[in-house]
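Peer 1: starting from these lines, generate the structure:
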Amino acid sequence: MKKIINSENFSLADFFFFKKMITPVFITVIYWITLVFIALGGLGVIFASFASFQYSFFGGMFTLISGIITLVVGIISARIGFELICVLFNINRNIEKLALNKDDDLNNRSDDQTTISQN
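Peer 2: Numbers count the residues shown, from 1 in each chain. I've put the predicted structure just below:
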């Protein structure tokens, strides 16, 4: 089974001082909870439309169509929103990698200059 949380090299200080991001782990769970709420809301509107048919046919049709639109647009909007959040975390991760590589390059250059000046 795939590990959801990578607890290797993770300390309590990382949690309190934001040295490592743990939010991407929870994004999937929050996404599924959001989908459940969107589905419940859309289905609630659809079932309410059946009750409104007894008062007005056009009111019932409008409510039924708006329930279907709520489901479709809500699911698509949630997906786009959570993908944008994931993209932001990926950008952050890549910037961290670039910064670490730049620091390593600077350290290697200073080591090279030290050995050249010693010769």
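
Peer 1: neighbours of residue 63, how many?
Peer 2: 20 (other Cβ atoms under 10 Å). Quick note: C-beta positions are derived from backbone N, CA and C, even for glycine.

Peer 1: start the count at 355, not 1, going forward
Peer 2: Okay, residue one is now 355; in that scheme the one you just asked about reads as residue 417.

Peer 1: tell me which element it is part of?
Peer 2: helix 411-472 (DSSP states H and E).

Peer 1: distance between that helix and the chain's centre?
Peer 2: Chain-centre distance of helix 411-472: 8 Å, with Cα atoms, centre = their mean, to the nearest Å.

Peer 1: other SSEs contacting it?
Peer 2: helix 377-406 (3 or more Cβ pairs under 8 Å, 6 or more residues apart in numbering; DSSP states H and E).

Peer 1: could you check the angle the helix it packs on makes with helix 411-472?
Peer 2: Helix 377-406 and helix 411-472 are oriented at 170 degrees to each other (axes from the mean of the first three to the mean of the last three Cα atoms, to 10 degrees).

Peer 1: for helix 377-406, packing partners?
Peer 2: helix 411-472.

Peer 1: list the buried ones in stretch 424-439?
Peer 2: Buried residues in stretch 424-439, defined by neighbour count with 16 or more other Cβ atoms under 10 Å: 424-425, 428, 432, 436.

Peer 1: which of these sits closest to residue 392?
Peer 2: Checking the buried residues of stretch 424-439 against residue 392 by Cβ to Cβ gives residue 428 as the nearest, at 3.9 Å.

Peer 1: looking at the protein, which helix or strand is least sure?
Peer 2: helix 366-371 (a mean of 71; mean pLDDT, DSSP states H and E).

Peer 1: can you tell me the closest non-neighbouring residue to residue 446?
Peer 2: Excluding its sequence neighbours, the residue lying closest to residue 446 (Cβ to Cβ, 6 or more residues apart in numbering) is residue 375, at 6.7 Å.

Peer 1: what's the one you found sitting at in phi/psi?
Peer 2: phi -90, psi 130 (degrees, to the nearest 10).

Peer 1: what sits against it?
Peer 2: For residue 375, the contact set (Cβ atoms under 8 Å, 6 or more residues apart in numbering) comprises 443, 446-447.
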